[in-house]
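S.K.: okay, sequence plus prediction incoming.
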Amino acid sequence: MDNAVTLVQAYLRLNGYFTITEFPIVEAVKYGGHRTATDIDVMAVRFPGAGRLVTQSGKRSRHDRLITGVDPALGVSLDDADMIIGEVKEGKAQINQGGREPSVLRTALVRFGCCHEEKVSGMVDSLIQHGHAQTHHGHKIRLVAFGSILPESNPGYITIGLGHIIDYVKGYLEENWDVFRVTELKDPALGFLSTMIKSSRGPS
């Protein structure tokens, strides 16, 4: 997996999202063949009330610790279900034309299972025109571009810088270090940043 995609995936997971990365878009071609047209760097969904629960041993739950909160840069309410179709660049944060193709967005929405097929086209139009849409259930769907360089003008969708993501993830780990210092992190980005923090803190 691309390093930048790995970082974005870790960031979204810390914010309560379930993620799929590098999702292939397969399309039919002439004579019954098929090809991979493109892939979506990251797809993510977050349900209301999502958080990280640190439980106390035993049956009682009153001493359980719930870690919640969402980075304001994501612009999502804690009370809303939120779905992200994201593109990740090491350079400028932008969604290429291929990422806004109706067939690509239709495939993503059907994969989410968020809406009836007959309503997909209307939501695709809204995503292309406005960068966001809302299902008949009230779930939000948004286009988000991640990159090292943010555009000077509003591109019509959310953009988040990789530098901000690194700062956020490091801050999150440090704020909850009592939990993460004893956690065996399998995520490469979290593991690397955790090692940096551990090295700077010295013996604990």
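M.R.: All right, it came through fine.
S.K.: so Y17 makes contact with V45?
M.R.: Yes. Under the criterion of C-beta atoms under 8 Å, Y17 makes contact with V45 at 6.3 Å. All C-beta atoms are positioned from the backbone trio N, CA, C, and that covers glycine.
S.K.: where do the contact lists of those two overlap?
M.R.: Here Y17 and V45 share the contacting residues 82, 84, scored by C-beta atoms under 8 Å, 6 or more residues apart in numbering.
S.K.: and the longest strand along the chain, how far from the chain's centre?
M.R.: Secondary structure of the chain per DSSP state E: the longest strand is strand 34-46. Centroid separation between strand 34-46 and its chain, computed with C-alpha atoms, centre = their mean, to the nearest Å, is 12 Å.
S.K.: what pairs with that strand, parallel or antiparallel?
M.R.: Strand 34-46 pairs in its sheet with strand 18-28 (antiparallel), strand 82-88 (antiparallel), by DSSP bridges.
S.K.: which stretch in those has the least confidence?
M.R.: Here the strands paired with strand 34-46 differ in mean pLDDT, and the lowest is strand 18-28 at a mean of 86.
S.K.: how about the helices in this structure?
M.R.: 3-14, 102-112, 117-130, 162-175, 177-180, 188-201 (DSSP state H).
S.K.: of those, which is nearest I25?
M.R.: helix 102-112 (5.2 Å; C-beta to C-beta).
S.K.: so for the closest one, mean pLDDT?
M.R.: For helix 102-112, mean pLDDT is 87.
S.K.: name the helices or strands packed onto it?
M.R.: Here helix 102-112 touches strand 18-28, strand 34-46, strand 82-88, helix 117-130, going by 3 or more C-beta pairs under 8 Å, 6 or more residues apart in numbering; DSSP states H and E.
S.K.: export only the CA atoms of it, formatted as CSV.
M.R.: Extracted in CSV, the C-alpha atoms of helix 102-112 (Å, rounded to 0.1, in the frame of the first residue of the first chain):
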residue,chain,number,x,y,z
PRO,A,102,-20.2,8.8,-12.8
SER,A,103,-19.4,5.1,-13.3
VAL,A,104,-16.7,5.2,-10.6
LEU,A,105,-19.0,7.0,-8.1
ARG,A,106,-21.9,4.7,-8.9
THR,A,107,-19.7,1.7,-8.1
ALA,A,108,-18.5,3.3,-4.8
LEU,A,109,-22.1,4.0,-3.7
VAL,A,110,-23.3,0.5,-4.5
ARG,A,111,-20.3,-0.9,-2.6
PHE,A,112,-21.3,1.2,0.4
